[in-house]
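Novice: turn this into a structure:
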Amino acid sequence: MSSDRLLRRLLCGMALLAFIAAGGCTPWRDYFANGFKVGPEYRRPAAPVAKDWIDRTDIVASKSPESICTWWRVLNDPTLDSLVTNAYQQNLTLREAGFRVLQARAARAIAAGFLFPQQQDIAGDYQRIGISSLQANSQFLPQRFYDQWDLGFNLAWELDFWGRFRRALESADADLDASVENYDQVLVTLIGDVAATYVEIRTLQQQIFLVQTNVGLQRETYNIANARFKGGQVSSLDVDQAVSNLAQTEALVPQLGIRLRQATNRLCILMGMPPEELLRQMPRAPIPVAPPDIAIGIPADLLTQRPDVRRTERLAAAQCALVGVATSELYPHIGVSGTLGYTAQNFSDLLKGQALQGAVGPYFQWNVLHYGRLLNEIRRQDALLAELIVSYQNTVLKANAEAEDGLARYLGAQQATRFLAVSVNASQKATDVALVQYKAGMIDFNRVALIEQNLVDQQNQLAESQGSIAQGLVQVYRSLGGGWQLRLNPSQGTAPGAAPAAVPTPAGRQFETVPAPVPLPPAPAVPAPNPLLDPKNVLPKRLDPEAAPGPVLNPQGASLQQRPQPGVAPVNFSAAPVARAPADARRPASANASPYSYWPDAKRFR
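Specialist: Predicted structure coming up:
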């Protein structure tokens, strides 16, 4: 074949491809600009973001913006640090998300395999063939019955002229990124739930302590009223009212105890362990104090910080690539196929050179006359893409609203706490004066009871408000997407320089270390019950338990660990390796690039 003839055929082939590309949905200019791929090229969609926060004038910006990565450490609570670390290692919901990442990575590898020959197989068979002697030209049959042995290798390779397989790989890449972002979102939610539950536990413990203190105060008031009644100074009305107030206050203890037990059970589940007396392993501590400043940034940071926002954006990118896959069905599938093998009547002759046969050549397959099915599939994929873009924009709006809600709660709780502190201080003074005046007979018991009940309510509200400050801080950092960076460096979960405390472990195992707890005063003594009241109304011992002897079963490693002594931080339960996002995944600088450039080997998850 002459060179001029070969050149003419090549030019005709290029002209045919240009004609096909121009006749499809993608203009040939876009086809070449997109890297020889049909379908739309993805760009990150625009999203409405506020320019600044509503309460920007009341926010004290943190001088260390990197604190958002380990925001729970700003509460300066070693027990919380230990709980976050243990939950990260043991939470089962996080493991589920990690295994979904592995599924997406395997799906991505399958999509990459379609870039290579799609069919490569070795086939062999044996047939005993019989031919009818009554068919046409049967007189020319040399043998009616014969054997046939076949052995061969088949190959078919559809060339990716229109980007069908490359678009599918782009979609799988984006799905893998979305699964990683889903893992990060689960981690952000987990850390936020652990911190919020821990703050709730400390708030309930503080409320129980205050109620116990008021029980003692009201029991003293009852003794005064009872003594005056026996002395004939007052009627039994004062005694009955004192008993009523005392019983009402004592009833708050089991009510708060129910909420405390429920919060403790939730914390156990977050840590991947069956519900148990977790308070036995937690030292007493006050309500965490939130710092005055917040690493808040600007609302636009939500687009890069919040994993759920990034996840919806990656899902839109995956769907955009699927539009290109659907578009490629409008064009002919061009490929190369071939077969090479042996055929013989006798098995002994199968591998001889004379039995060799084969065929190779190009092919094309073009889906025509599909009555709108291909076009409507493209429209369906376009509609799915539009839906995901709107979902992305809606997620951004919700993220902005959640951050604003957290800031409003954080700032509002600070103001309320200041007023409630003044109110509690005044109520305590009024209670002291009222008791003195009641002893002297200057006021009636009704006023004393009202002041004491008001003190109980005010102290309860103050504890709630103090906990609401910390809860608001948790809500702010959760809404900002802080905490997912923990998977990049799990050692960040514990504050540096924290003094470790050794925890007893079974023989043959290394000692585990946890941060030393903050020294606190001992728990208040529970007042003796009123003989006129039902003893069951007194604080149950389980609300302020002592350490119980004996081993406790480790639900993760099926091993025994000795129960820690009182005043020791939570045990760092050992757990099996967890499937999670890699610590060495790198985020590229490009805003439109994949947020994770590679995924490590699965050996780390074994």
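Novice: give me the element Val253 is part of.
Specialist: helix 236-270 (DSSP states H and E).
Novice: mind listing what's buried along that helix?
Specialist: If you call a residue buried by 16 or more other CB atoms under 10 Å, then helix 236-270 has these buried ones: 238-239, 241-243, 245-247, 249-250, 252-254, 256-257, 260-261, 263-264, 266-270. Placement of C-beta: from N, CA and C, glycine included.
Novice: C-terminal to that helix, what's the next element?
Specialist: Following helix 236-270 toward the C-terminus (DSSP H and E): helix 302-305.
Novice: just to revisit the earlier point, the helix holding Val253 - contacts with which helices or strands?
Specialist: helix 164-230, helix 445-479 (3 or more CB pairs under 8 Å, 6 or more residues apart in numbering; DSSP states H and E).
Novice: can you get me a residue count around the closest residue to Ile110 other than its chain neighbours?
Specialist: Residue nearest to Ile110 in three dimensions, not counting chain neighbours: Ala172, with 7.6 Å by CB to CB, 6 or more residues apart in numbering. Ala172 has 22 neighbours, counted by other CB atoms under 10 Å.
Novice: and Ala172, how far from Ala111?
Specialist: 4 Å (CB to CB, to the nearest Å).
Novice: what's the spacing between the longest strand along the chain and its chain's center?
Specialist: In the chain, with assignment by DSSP state E, the single longest strand is strand 145-158. In this view, strand 145-158 has its centroid 52 Å away from the chain centroid, taken as CA atoms, centre = their mean, to the nearest Å.
Novice: that older thread, take the helices and strands packed on helix 236-270 and lay them out in JSON lines including distance to Asp382.
Specialist: What follows is those, written out as JSON lines (distance: least, CB to CB, whole Å):
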{"stretch": "helix 164-230", "distance to Asp382": "14"}
{"stretch": "helix 445-479", "distance to Asp382": "32"}
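Novice: residues in contact with the residue nearest the centre of the chain?
Specialist: For the chain, the residue nearest the mean C-alpha position is Val186 (0.1 Å; CA atoms, centre = their mean). Counting by CB atoms under 8 Å, 6 or more residues apart in numbering, Val186 makes contact with 93-94, 96-97.
Novice: not counting its neighbours along the chain, what's nearest it?
Specialist: Residue nearest to Val186 in three dimensions, not counting chain neighbours: Ala97, with 4.3 Å by CB to CB, 6+ apart.
Novice: assign a three-state SS to the one you found, would you?
Specialist: helix (DSSP: H, G, I helix; E, B strand; the rest coil).
Novice: from Arg487, how far off is it?
Specialist: 11 Å.
Novice: distance check, Pro40 against Tyr31.
Specialist: Computed as CB to CB, the Pro40 to Tyr31 distance reads 12 Å.
Novice: tell me which of the two has more neighbours.
Specialist: Tyr31 (23 against 18).
Novice: please, which helix or strand holds the more buried one?
Specialist: Per DSSP H and E: helix 28-33 holds Tyr31.
Novice: looking at the helices and strands packed on helix 236-270, which is closest to Ile378?
Specialist: helix 164-230 (12.5 Å; CB to CB).
Novice: between the closest one and strand 145-158, how big is the angle?
Specialist: 70 degrees (axes from the mean of the first three to the mean of the last three CA atoms, to 10 degrees).
Novice: out of the contacts of Val186, flag the one nearest to Gln143.
Specialist: Comparing those against Gln143 with CB to CB places Glu96 closest, at 64.7 Å.
Novice: now the closest one, nearest residue through space, not along the chain?
Specialist: Glu96's closest residue in space is Val186 (CB to CB, 6+ apart), at 8.0 Å.
Novice: distance check, that neighbour against Val325.
Specialist: 29 Å.
Novice: now swap in Lys230 and tell me
Specialist: With CB to CB as the criterion, Lys230 and Val325 are 91 Å apart.
Novice: also Tyr342?
Specialist: 39 Å.
Novice: out of those two, which sits in the busier spot?
Specialist: Counting neighbours by other CB under 10 Å for Tyr342 and for Val325 shows that Val325 has the greater number, 22 against 19.
Novice: looking at this, the more buried one is in a strand?
Specialist: No. Looking at Val325 with three-state DSSP, it is helix, so not inside a strand.
Novice: hmm, Asp160 and it touching each other?
Specialist: No. Val325 is beyond contact range of Asp160, at 11.1 Å (criterion: CB atoms under 8 Å).
Novice: what is the burial count for Arg144?
Specialist: Residues contacting Arg144 under the criterion other CB under 10 Å number 11.
Novice: ok, Gln428 next?
Specialist: 15.
Novice: when you give positions from now on, start the count at 44
Specialist: Done: numbering now begins at 44, and the last item shifts to Gln471.
Novice: which among the contacts of Val229 count as buried?
Specialist: 136-137, 140.
Novice: shaky segments in the stretch 394-543 of the chain?
Specialist: Along the stretch 394-543 of the chain, segments meeting pLDDT under 70 span 535-543.
Novice: equivalent analysis for the chain, please.
Specialist: 44-68, 104-109, 181-182, 535-649.
Novice: would you mind measuring from Ile330 to Ala221?
Specialist: Ile330 is 38 Å from Ala221, by CB to CB.
Novice: no, scratch that, I was asking about Ile172
Specialist: In terms of CB to CB, Ile172 sits 54 Å off from Ala221.
Novice: among those two, which residue is more densely surrounded?
Specialist: A direct count of neighbours by other CB under 10 Å for Ile172 and Ala221 places Ala221 higher, at 24 against 11.
Novice: tell me which helix or strand Pro276 sits in.
Specialist: To be clear, residue 276 is Gln; Pro isn't right here. Going by DSSP H and E, Gln276 is not in any helix or strand.
Novice: sorry, slip of the keys, the one I care about is Ser466.
Specialist: Taking DSSP H and E as the definition, Ser466 sits inside helix 416-482.
Novice: likewise for Arg357?
Specialist: Counting by DSSP H and E, Arg357 is found in helix 350-371.
Novice: overlap in contacts of Pro83 and Tyr74?
Specialist: Joint contacts of Pro83 and Tyr74 (CB under 8 Å, 6+ apart) do not exist.
Novice: list the contacts of Cys112.
Specialist: 525-526, 528-529, 535.
Novice: most neighbours of all these, which one?
Specialist: Result: Gly526 is most packed of the contacts of Cys112 (other CB under 10 Å), 28 neighbours.
Novice: need the phi and psi values for that residue.
Specialist: Main-chain torsions, Gly526, degrees, to the nearest 10: phi 120, psi -20.
Novice: check whether it really touches Val117, as I assumed.
Specialist: No. Using CB under 8 Å, Gly526 is not in contact with Val117, being 12.0 Å away.
Novice: which residues touch the closest residue to Arg151 other than its chain neighbours?
Specialist: Of all residues not flanking Arg151 in the chain, Ala215 sits nearest, at 4.0 Å (CB to CB, 6+ apart). Under the criterion of CB under 8 Å, 6+ apart, the neighbours of Ala215 are 147, 150-151, 153-155, 361.
Novice: of those residues, buried ones?
Specialist: Burial by neighbour count, 16+ other CB under 10 Å: within the contacts of Ala215 this picks out 147, 151, 154, 361.
Novice: the first one belongs to a helix?
Specialist: Yes. With the criterion set as three-state DSSP, the secondary structure at Ala147 is a helix.
Novice: so what's it up against?
Specialist: Counting by CB under 8 Å, 6+ apart, Ala147 has contacts 215, 218-219, 221-222.
Novice: Leu345 versus the spatially closest residue to it that is not a sequence neighbour, what's the distance?
Specialist: Excluding its sequence neighbours, the residue lying closest to Ala147 (CB to CB, 6+ apart) is Ser222, at 3.8 Å. Going from Ser222 to Leu345 by CB to CB gives 21 Å.
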